[in-house]
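S.K.: take this sequence and fold it.
(chains A and B)
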Number of protein chains: 2
Amino acid sequence: MSAKDALVIFTPSGKRGRFALGTPVLTAARQLGVDLDSVCGGRGICSKCQISPSFGEFPKHGVTVARDAVSEINAVEERYDRIRGLKAGRRLGCQATVQGDLVIDVPPESQVHKQVVRKAATARAIIMDPATHLYLVEVSEPDMHTPTGDLERLRAALADQWGITDLGADPALLARLQPALRAGKWQVTLAVHRDHSGGARLIDLWPGFHEGGLYGLAIDLGSTTIAGHLCDLTSGVVVASSGLMNPQIRFGEDLMSRVSYAMMNPGGAAEMTEAVRVALNALAQSIATEAGIDPRAIVELTLVCNPVMHHLALGIDPVELGQAPFALATSGSLSLPAADLDLTAMNPQARAYVLPCIAGHVGADAAAVALSEEPHKSDDLMLVVDVGTNAEILLGNKTRVLACSSPTGPAFEGAQISSGQRAAPGAIERVEIDPATKEPRFKVIGCDLWSDDPDFALQTAATGITGICGSGIIEAVAEMRMAGILDGSGLIGSAEQTGTARSRPEGRTHAYLIHDGSADGGPVITVTQGDIRAIQLAKSALYAGARLLMDEMGVDKVDRVVLAGAFGAHISPKHAMVLGMIPDVPLDRVTSAGNAAGTGARIALCNVAARAEIEEVVRKIVKVETAIEPRFQEHFVAANALPHASDPFPELRKVVTLPELSFNAGGEDRARRRRRKG
Amino acid sequence: MSAKDALVIFTPSGKRGRFALGTPVLTAARQLGVDLDSVCGGRGICSKCQISPSFGEFPKHGVTVARDAVSEINAVEERYDRIRGLKAGRRLGCQATVQGDLVIDVPPESQVHKQVVRKAATARAIIMDPATHLYLVEVSEPDMHTPTGDLERLRAALADQWGITDLGADPALLARLQPALRAGKWQVTLAVHRDHSGGARLIDLWPGFHEGGLYGLAIDLGSTTIAGHLCDLTSGVVVASSGLMNPQIRFGEDLMSRVSYAMMNPGGAAEMTEAVRVALNALAQSIATEAGIDPRAIVELTLVCNPVMHHLALGIDPVELGQAPFALATSGSLSLPAADLDLTAMNPQARAYVLPCIAGHVGADAAAVALSEEPHKSDDLMLVVDVGTNAEILLGNKTRVLACSSPTGPAFEGAQISSGQRAAPGAIERVEIDPATKEPRFKVIGCDLWSDDPDFALQTAATGITGICGSGIIEAVAEMRMAGILDGSGLIGSAEQTGTARSRPEGRTHAYLIHDGSADGGPVITVTQGDIRAIQLAKSALYAGARLLMDEMGVDKVDRVVLAGAFGAHISPKHAMVLGMIPDVPLDRVTSAGNAAGTGARIALCNVAARAEIEEVVRKIVKVETAIEPRFQEHFVAANALPHASDPFPELRKVVTLPELSFNAGGEDRARRRRRKG
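M.R.: Now for the predicted structure:
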């Protein structure tokens, strides 16, 4: 320990290191890889890097932090505080410098890679049969009279002792073979990869007996987030999971804007490819660090993603996916060296398996959902819906499976909603409206209490109430409908019509007030008429897609509905059905599959037979293209209204008779349109 | 025989069959398995399928061919003739159709499997059948209703149109597929690699019809020099040859000093690997420049080299090759991406084929010599000697082939010789000594005249007379022996003993003056006693290796001798036999094979079946290890003397009766040694 440097410990990550006195806290955080946001790069502009130094004794960390261990508030911080306000105890990480041993807390809102913990619900058992195994082999010593190479004797031993023939080995591994055989006294442990496409391939080797584990990485590469699960390839246990934002977001929030970016900018696709590969390497590195393993122990990965991400990850310009006929460069699965994708933060010989795509709009992620939810093995007719910016929809049973993709847009993810936000602490995720008083209550992510609980304010003080996420807006709209605040066409009634002052005029329409935080400097959260329209468009698209598949199948009802995806895990089936997002089925026949795409990636990682299975299933799935199907438009238009018939919740009818409720009596809007035409 | 079909006979193959009138000649040829080239698959684009119909009476074939037995020249042929020119009598096989009994000649340039006649003395013809071919493929357009990827439709088209299944493609090529298909209006030319190990692999692709050539590089990677031959993979023609010094020389002149360098210096092997790979890239670049082609047109290479160079090129530390039991890391052939060897100055997807090694001392270069000289197909018992720093020796016939390596040292290459130098302009390469006058005359490289020609001085003014190369020193020693200047033990006689003042004292021994250039500031070139001893050691090692194989084979004579290698091409068989380098055979049974290793590399480049052949031959070759064989030492010692018995040149005996000539009467040296011991 020198007088010129000091120990800096970050919480909650626990990352620590010594830094020269005078080092900005942001710089220290970056060097340690602490998740501390910054948009301006430390110029004191963006305020994203807010941190809270802690003072006093920290026996757990073995340090005492003096008041003067951090620099005094400087002019930049004073100015920021004056203009924008800085919470008590907060500092700007780029301005505060290290002056002694420090414990620094990074609050959730300063973390780039905030995580919402989601517990998967379905438990498809995975039978462990990964492509890569360890084999201890005893190799015969060289003999001048039969001068075969060490590799040839190794091959013979592997064939003899394990029945594995025709081992392929890269020159890089060949270079390590002779020293390993001699160090191990002619015993060597091999990691050998054999997948369903045949051929044995040497991945790694160690002298003598090697006990270290082999790991695989199941990656769900989404447009917005990238999630990885690190699996022990022996036990199948997920030893670490990690996620990060897809850095391609800076090229466009949704897939089509990324395709446009590639079309408009020479080299744009390559830029996005590089960005996502850098992120995948960062993910592999961070997940290995989290699990406390050497990244070289990661010998395999599986990748599931939508077609645009699929192409960009493979280095293929996705331009053809942006226009009819939406031709994929390749629809089949790919088994290739991870190094071919520039994935280097793992074993240099690691293999990647990319699941097959179903169609230009229905990707490997949908294939992974099929692998996880197995509609092709079901006796019941299953509707599987994976809701994202696009909804992938599967309908089928053991006889036949249909698939389509429906352009729901980002409303279900909280985007294009006036108070919308991503699912993160502080976001409203559950809403109830009392049909008698029209008063709402709600829950926010990060707190288990309803908002009418006396302790709610205290428990949400840290996160605040910041907006409304996808599941929250769906419940809000459905509850508004059930409470008589919305009519069947989706119009919000006035205070007079609804009998609540929470219906407030907003331009020519009305908005319903969920929460007013303005007294504490927080946001005013309402559901506007525009929000209702956005949700109506999204749910109509989803419903129309499902209906189209049902038409194709020749049925008018399904036996069960599986909601997949992060969103699907949080959505309330009851409210989804009230909204008319999904066809009516008994409530107990609606289940959530959690991150089914990620589960499919894990299954393909842990079991090679599953790879053959999904390739076969994908070949048989009948794809229905919504973009060119006139009936899709018909269903879409027809599904715009909020449903009234065949209501599965008769108890709701006691409160308000939905069919009759129509604030405009079907007239005002149409009358206005007629006037304009005239 | 029906009026609706006709007999078609192809020459020179003689293949014949009946075909419906209207059948294109190309179709008929394909159905009969006639060797008729086509890249475009019969679309009238590539012009590779040119044929010549013959007309008139063909009693041998029993047919009469009428003028109208072939369709008239059509618009496609007229256009081709107008733009590119069609030789008189030539037709495009894909356009000309059968209209009656026909005799069709396939000219050599239209055959895929053309024979390439070699200029070298031995004339093994190479039948063209390279691993990489061009194929024009017409791919079906994407269809939203059956949304397979472009790659999958390409694969289907390749299988359907060319019978090639399971095409593999790297992501880098996948990225180019969609633009190429669209630019080529769903026609694309593929370069597809298929070697004997199976599997079709996409190497390159171009929109529409691509006519550019495909090239392969046959590399003979020697310890001292690296030679490359660039072959047109369609015609087999060597379009350019180039060579450069092996930059590893700075780490050690001979192989064992390079192995020592690797042992003594951490990272030394990697340094040498990098040096040779840089050189191989430079060779590829310079040879492409010389030939005026884009290096990307180089799609394949074959590599032959000794085991140490083999390991260093592959990035394997050669340390095990420096000590018994001389274990190779791998003895088998290798078929791998050239990029795995960091060979980037060529097509990024280029494939490398490394020939198999025979043993730790007998490398892929010896295997290439076997492929070129084919002892395994010989009725005669052949001795094939490839002389370098190590001599690789093959002995065998179609029943059995033996191989060994003998440590001749660098004397045959002009090293360790007092006036020695590499074979380069100015070096003495031929020597004659008049047995009566004991006066020498000689030739130098770069001049066709003997030194006693009046114009010699003028013609060698530019190069000078700089030293004596390997073939020169062998002739000098043999001539000295025949002229009575050397005795049977290898001792140079004094001026008194030999009767010439060119025998000059040098220390305790004598040297023979070949040329004194000191008057013009040039070197004094002598053959010293030390030179004689070095040559004796080298020739004894070579002879002992050959004898060891003969013992193993149970023979005491061979039917013929082939001298391979650059040195072998220049050595005089007569003098080699006088020296006792090789066993006695009639002089006309000694031939030079030139650079047989390089030829073997070319054969493996141009013909995939040859790869399977040499792998099979190498598996069957019996390796004899000289280092551990006591009889090798016995033969070595016994071979030290300059031979006298079974002299194949009785005319020489007229001059000097070799057996009797011994200046020391076997005494002086031994007497001196006894004195020192006493």
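
S.K.: beta-bridge partners for the most centrally placed residue in chain A, please?
M.R.: The centroid of chain A falls nearest to A:Thr225 when counting by Cα atoms, centre = their mean (4.5 Å). Using DSSP bridges, the bridge partners assigned to A:Thr225 are A:Met245.

S.K.: touching, it and A:Pro247? I think so.
M.R.: No. Here A:Thr225 lies out of contact with A:Pro247, judged by Cβ atoms under 8 Å, at a distance of 10.9 Å. (C-beta placed from N, C-alpha, C; glycine too.)

S.K.: so which strand or helix has whichever residue of the stretch 451-600 of chain A sits closest to chain B?
M.R.: Residue nearest to chain B within the stretch 451-600 of chain A: A:Glu552 (11.7 Å; Cβ to the nearest Cβ). A:Glu552 is part of helix A:529-553 when elements are defined by DSSP states H and E.

S.K.: circling back to that earlier point, could you list every residue that touches the residue of the stretch 451-600 of chain A closest to chain B?
M.R.: A:Leu395, A:Leu402, A:Val622, A:Val624 (Cβ atoms under 8 Å, 6 or more residues apart in numbering or on different chains).

S.K.: with A:Phe10 instead?
M.R.: A:Phe10 touches A:Arg16, A:Ala29, A:Leu32, A:Val34, A:Leu36, A:Ile104, A:Asp105, A:Val106, counting by Cβ under 8 Å, 6+ apart.

S.K.: which of the residues you listed fall within strands?
M.R.: A:Arg16, A:Ile104, A:Asp105 (DSSP state E).

S.K.: export those to CSV and tack on distance to B:Gly499, neighbour count and pLDDT?
M.R.: Shown next, in CSV, are the ones in strands among the contacts of A:Phe10 (distance: Cβ to Cβ, whole Å; neighbours: other Cβ atoms under 10 Å in any protein chain shown; pLDDT from 0 to 100):
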residue, distance to B:Gly499, neighbour count, pLDDT
A:Arg16, 93, 18, 91
A:Ile104, 101, 26, 93
A:Asp105, 105, 16, 89
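
S.K.: looking at those, which is nearest chain B?
M.R.: Once Cβ to the nearest Cβ is applied, the member of those that ends up nearest chain B is A:Arg16, at 34.3 Å.

S.K.: distance of the closest one from A:Ile51?
M.R.: 15 Å (Cβ to Cβ, to the nearest Å).

S.K.: so which bits of the helix holding A:Glu552 are buried?
M.R.: Buried residues in helix A:529-553, counted by 16 or more other Cβ atoms under 10 Å in any protein chain shown: A:529, A:531-553.

S.K.: got phi/psi on A:Asn85?
M.R.: One correction, residue A:85 is Gly, not Asn. The phi/psi pair for A:Gly85 (degrees, to the nearest 10) reads phi 90, psi 130.

S.K.: wait, I meant A:Gly208
M.R.: Given degrees, to the nearest 10, the pair of backbone angles that A:Gly208 has is phi 60, psi -150.

S.K.: before we move on, what about A:Gly252?
M.R.: Phi and psi for A:Gly252, reported as degrees, to the nearest 10, are phi 150, psi 140.

S.K.: any idea which element A:Val278 lies in?
M.R.: helix A:268-291.

S.K.: what packs against that helix?
M.R.: Secondary-structure packing of helix A:268-291 (3 or more Cβ pairs under 8 Å, 6 or more residues apart in numbering or on different chains; DSSP states H and E): strand A:215-221, strand A:225-232, strand A:238-245, helix A:255-264, strand A:298-305, helix A:307-314.

S.K.: contacts for the following helix or strand past the last one next, please.
M.R.: Yep, that's helix A:307-314 we're talking about. Counting by DSSP H and E, the next helix or strand C-terminal to helix A:307-314 is strand A:334-337. Around strand A:334-337, the neighbours that count as contacts under Cβ under 8 Å, 6+ apart are A:Asp195, A:Ser197, A:Leu314, A:Gln349, A:Ala350, A:Arg351, A:Ala352, A:Tyr353, A:Val354, B:Asp170, B:Pro171.

S.K.: how far out from the middle of the chain is the very next helix or strand once past strand A:334-337?
M.R.: Downstream of strand A:334-337, the next assigned helix or strand under DSSP H and E is strand A:351-354. Distance, stretch centre to chain centre, for strand A:351-354: 20 Å (Cα atoms, centre = their mean, to the nearest Å).

S.K.: list the pairing partners of strand A:351-354 within its sheet, with orientation.
M.R.: Applying DSSP bridges, one finds strand A:351-354 paired with strand A:298-305 (parallel), strand A:334-337 (antiparallel).

S.K.: great, nothing more from me.
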